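A.B. asks: Kindly return the folded structure for what I paste below:
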Amino acid sequence: MDATSYSGLNSYGKIMIGDRAFEYYNNRKVEDYIQIPWKDVDYVIASVMFGGKYIPRLVIRTKQGRDFPFAAKRPKELLRAIRSYVPPDRMVRSLTLMGVIRRRLRQFFNKSQS
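C.D. replies: Take a look at the predicted model:
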């Protein structure tokens, strides 16, 4: 499936879902690839907009704490394919802009009350 990787500089390539790993290959430089084994995937975080009608990007977070953001041409199909290898409780939605603002305000007021 066609995709874009946002790790470092943007690069265009292909995503492949295998039975052992998630793989991304750059179109121009085949040596530039990302391969994440399923056992190293901690979370799959998806940005969901308009009630699930639009998914602009997803992030794969590894157990080492590294994030790999991607955008896919057909994100719903990609998430369905990933779902067979990652447990459903490890596939989450990202916070909305208002959710991030609310969390920051709560942290600020809780900190100032202490």
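
A.B. asks: In stretch 26-34, which residues are buried?
C.D. replies: residue 34 (16 or more other Cβ atoms under 10 Å). Where you see a C-beta, it was placed from the backbone N, CA and C, and this is true even at glycine.

A.B. asks: Any chance of the backbone angles for the most centrally placed residue in the chain?
C.D. replies: Nearest to the geometric centre of the chain sits residue 59, at 1.3 Å (Cα atoms, centre = their mean). Taking degrees, to the nearest 10, you get phi -120, psi 130 for the backbone angles of residue 59.

A.B. asks: Next one, pLDDT for it please.
C.D. replies: Residue 59 carries a pLDDT value of 92.

A.B. asks: How far off centre is the longest helix seen in the chain?
C.D. replies: In terms of residue count, the longest helix belonging to the chain (DSSP state H) is helix 97-113. Averaging C-alpha positions (Cα atoms, centre = their mean, to the nearest Å) puts helix 97-113 24 Å from its chain's average.

A.B. asks: Only C-alpha atoms, please: export it in CSV.
C.D. replies: Coordinates of the C-alpha atoms in helix 97-113 are reproduced here as CSV (Å, rounded to 0.1, in the frame of the first residue of the first chain):
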residue,chain,number,x,y,z
LEU,A,97,-6.7,19.1,20.1
MET,A,98,-9.2,19.9,22.8
GLY,A,99,-8.1,16.8,24.7
VAL,A,100,-4.5,17.9,24.7
ILE,A,101,-5.5,21.4,25.9
ARG,A,102,-7.7,20.0,28.7
ARG,A,103,-4.9,17.7,29.8
ARG,A,104,-2.4,20.6,29.9
LEU,A,105,-4.8,22.8,31.9
ARG,A,106,-5.4,20.0,34.4
GLN,A,107,-1.7,19.5,34.9
PHE,A,108,-1.2,23.3,35.3
PHE,A,109,-4.0,23.7,37.9
ASN,A,110,-3.0,20.5,39.8
LYS,A,111,0.6,21.7,40.0
SER,A,112,-0.4,25.1,41.2
GLN,A,113,-2.6,23.7,44.0
